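**Student:** can't give you the sequence, but here's the structure:
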């Protein structure tokens, strides 16, 4: 049985390629394109064991709003709320095209991976965290 993880990323093609790659590591990758839907999915599906966050993404279903550069901050806050609400630990990491924008601020909080280049390292990290 594979381990279920969530990817919150607004690029549908990237999500599909990550789903295929995740299977090779024993993960069942489910995806959403915004934080609100991701939080709802975590609430409904207690089998989700970890979350991968895009660096910039939508906060809610309104595609008229731009993707947010502070998405990661909002996502971490939401994950912490869900951890408290359900009395569980939800490991997470950030997967972005611009890791240099996040590494210093997230040091000690979250690992940051280079999107499209460090998938092996990312999936190994999640296995260790879970």
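**Tutor:** Perfect, thanks for sending it. None of the values given here were measured: they were computed from a predicted structure.
**Student:** going forward, measure contacts and count neighbours with C-alpha atoms only.
**Tutor:** Noted.
**Student:** for residue 120, what are its contacts?
**Tutor:** Contacts here follow Cα atoms under 8 Å, 6 or more residues apart in numbering; on that basis residue 120 touches nothing.
**Student:** Contact partners for residue 112?
**Tutor:** Contacts for residue 112 (Cα under 8 Å, 6+ apart) come out as 93-96, 99, 102-103, 106.
**Student:** no wait, residue 83
**Tutor:** Contact analysis of residue 83 by Cα under 8 Å, 6+ apart lists 89-90.
**Student:** how much space between it and residue 122?
**Tutor:** The gap separating residue 83 from residue 122 is 22 Å, by Cα to Cα, to the nearest Å.
**Student:** re the thing from before, let me have the contacts of residue 112 in CSV, extended by neighbour count and pLDDT.
**Tutor:** Supplementary listing: those in CSV, determined by neighbours: other Cα atoms under 10 Å; pLDDT from 0 to 100:
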residue, neighbour count, pLDDT
93, 24, 98
94, 24, 98
95, 26, 98
96, 21, 97
99, 16, 96
102, 18, 96
103, 16, 94
106, 15, 96
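**Student:** Now go through the residues you listed and say which are in strands.
**Tutor:** Counting by DSSP state E, the contacts of residue 112 place 93-96 in strands.
**Student:** of those residues, closest to residue 71?
**Tutor:** Residue 71 has its nearest neighbour among the ones in strands among the contacts of residue 112 in residue 94, at 10.6 Å by Cα to Cα.
**Student:** my guess is the closest one meets residue 111, correct?
**Tutor:** Yes. At 6.4 Å, residue 94 counts as touching residue 111 under the criterion of Cα atoms under 8 Å.
**Student:** Now residue 78. Nearest residue, chain neighbours left out?
**Tutor:** Closest residue in space to residue 78, ignoring its immediate chain neighbours: residue 39 at 7.2 Å, by Cα to Cα, 6 or more residues apart in numbering.
**Student:** This completes my enquiry, with thanks.
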